[in-house]
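> what's the 3D shape of this:
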Amino acid sequence: MIIHSKTSIGFQCPSCGKIQIQELSAFAFADSQRHQILCDHCHQVFAAFHPGDGSEYHIQAVCLDCCSAHVFRVKRGLFWLEHLREFRCPQTDELILAVGDEEKIEALLAEEFYLDEEDLEEDETGAEDLEQIEVMTQLVALFEHFKQLGQSGNLTCMCDRPQIQLRFEDGWVHMVCLHCQRETCIDVSDYEKILAAQAIEKICLSDKPMNKK
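Alright, predicted model coming up:
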């Protein structure tokens, strides 16, 4: 199973009219804070992501067609899947934003926000998709857990000036100290390993990184 920690969002800015695609990272969203999506061109706020009840995101975005702000709710695990998700104006049915695979979003925007009806059938979600949703939900929870470890002082380094950066790559969480380059890698390539990593209560980076290909 491929576990994704990034997704893309495509939209037309209601302020300047520019159509764009941006990349979003689950690491950046792994806290209880409100996150804003800014237009790459005019830098105005397009959308705000709220943590909701912890199991879902509340997305507030401005509709270019009706000039109103709408709120959409989506499960966290579902949000990070590569499947194309579109969010439309409840009044005019115009597309406000699309989330998912970048190539699919590009095709959607190229067709002037039109999407075949069969691609919208969320009821056709299969068992494999449901499994991926649960895995991604737990992975996002793991990112939040690691951030909490850092905030509480339980994610540290042996050096005297720890500056720890996290990244997710090929089923591994890499923890690297930017000051001394010590690194710890945790295998989270399947559901059981993700749950095991959630039980870790303290991490201290102690090993120098191995040479990588």
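> which residues are contacting the least confident helix or strand in the chain by mean pLDDT?
When the helices and strands of the chain are scored by mean pLDDT, DSSP states H and E, helix 127-151 comes last with a mean of 74. Helix 127-151 is contacted by residues 1, 3-5, 26-27, 29-31, 55, 75-78, 80-81, 83, 125, 155, 164, 166, 168, 173, 175, 188, 190-191, 194-195, 197-198, 200-203 when judged by CB atoms under 8 Å, 6 or more residues apart in numbering. (C-beta placed from N, C-alpha, C; glycine too.)
> Tally up the residues packed near residue 160, please.
For residue 160, the count of nearby residues is 7 (other CB atoms under 10 Å).
> so what pLDDT did residue 97 get?
In this prediction, residue 97 carries a pLDDT score of 91.
> Confirm that it sits in a strand.
Yes - under DSSP: H, G, I helix; E, B strand; the rest coil, residue 97 sits within a strand.
> Need the pLDDT of the spatially most central residue of the chain.
The C-alpha lying nearest the average C-alpha coordinate of the chain belongs to residue 26 (CA atoms, centre = their mean; 3.1 Å). As predicted, residue 26 sits at a pLDDT of 79.
> From residue 5, how far out is it?
4 Å (CB to CB, to the nearest Å).
> which residues are in contact with both of these two?
With CB under 8 Å, 6+ apart, residue 26 and residue 5 have common neighbours 80, 139, 143, 168.
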